[in-house]
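Engineer: Build me a structure from this.
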Amino acid sequence: MIKCVYYLFVLHVIISGPAVAAEPDWSQSKVSHTDEKTIDVFYSKTCGCCKKWMSHLKQHGFTVNPKPVPYMDKIKKQYGIKGEYSSCHTGVIGGYLIEGHVPADDIKTLLRKKPDIKGLSVPAMPVGTPGMEHGDHKDPFYVITLPKEGEPDIFKAYKKY
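Structural biologist: Below you'll find the model as predicted:
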C-alpha cells in the first residue's frame, strides 16, 4: 500500500515539476478549529521525536494527554493500524486516529471537515515533519487517509523544499 502512495507522489512530482511552494513553518498555524482539542497520544517514553510532536500540538492549541506504553505494537493492533501506515506514535482525537508526525493544521482540517475515514497518517518518520526537524533539510511527504475500507488517499502533499 505505501509503495502505491510513494509512486503516486513520484508521479505527482514528475507531472507538477519542481516544487516552488514555500517551506512550511510548523510554528505558524493557518487553520483554526474550535471544537475537540484533547488528543490522547500513545508513545514509547524513550522516544524524543514523539515528545517534540506533542510539543508541536500544544503550540497549536491542543491539549495533549500523553500515554506512554511499553509496547507500541499492541496499540497498533488494537486500533487496526497496518504496518505500511505505521509510525512511532498514535494519537486519538474526536473519533479519529492520528498516526505519526501529522502537522497540527492537518488535524484541525480533519476535525473541521469530518470525513468518513479512520484518520490520518504520515507513515515512517520523514525528516522535516513536525517533531522530526533536522536543520533545513525537509523530505517530501504525504499525509494520507487511514481508510475504513479500501486504499488510502492523499490528504495533503508536502513537496521537497
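
Engineer: quick one: secondary structure of the residue nearest the centre of the chain?
Structural biologist: Nearest to the mean C-alpha position of the chain, by Cα atoms, centre = their mean, lies residue 102 at 2.0 Å. Three-state call for residue 102 (DSSP: H, G, I helix; E, B strand; the rest coil): coil.

Engineer: Go ahead and confirm it touches residue 126.
Structural biologist: No - counting by Cβ atoms under 8 Å, residue 102 sits too far from residue 126 to count as a contact (11.1 Å). Heads up, the C-betas are built off the backbone N, CA and C, glycines and all.

Engineer: ranges for the strands of this structure?
Structural biologist: 38-43, 63-68, 90-93, 96-100, 119-122, 141-146, 154-158 (DSSP state E).

Engineer: Buried deepest among these, which one?
Structural biologist: Of all these, strand 119-122 carries the top mean neighbour count, a mean of 27, counting by mean count of other Cβ atoms under 10 Å.

Engineer: So which elements touch it?
Structural biologist: Other elements packing on strand 119-122 under the criterion 3 or more Cβ pairs under 8 Å, 6 or more residues apart in numbering; DSSP states H and E are strand 96-100, helix 104-113, strand 141-146.

Engineer: how does it look with 6 Å?
Structural biologist: The contact analysis (3 or more Cβ pairs under 6 Å, 6 or more residues apart in numbering; DSSP states H and E) places strand 119-122 against strand 96-100, strand 141-146.

Engineer: Mean pLDDT and distance to residue 55 added to the strands of the chain, as TSV?
Structural biologist: Shown next, in TSV, are these (pLDDT from 0 to 100; distance: least, Cβ to Cβ, whole Å):
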stretch	mean pLDDT	distance to residue 55
strand 38-43	97	11
strand 63-68	96	8
strand 90-93	97	13
strand 96-100	97	15
strand 119-122	97	17
strand 141-146	96	19
strand 154-158	94	20
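
Engineer: Save those strands as JSON lines, and put in distance to residue 78 too.
Structural biologist: Below are those laid out as JSON lines (distance: least, Cβ to Cβ, whole Å):
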{"stretch": "strand 38-43", "distance to residue 78": "9"}
{"stretch": "strand 63-68", "distance to residue 78": "12"}
{"stretch": "strand 90-93", "distance to residue 78": "9"}
{"stretch": "strand 96-100", "distance to residue 78": "10"}
{"stretch": "strand 119-122", "distance to residue 78": "14"}
{"stretch": "strand 141-146", "distance to residue 78": "14"}
{"stretch": "strand 154-158", "distance to residue 78": "23"}
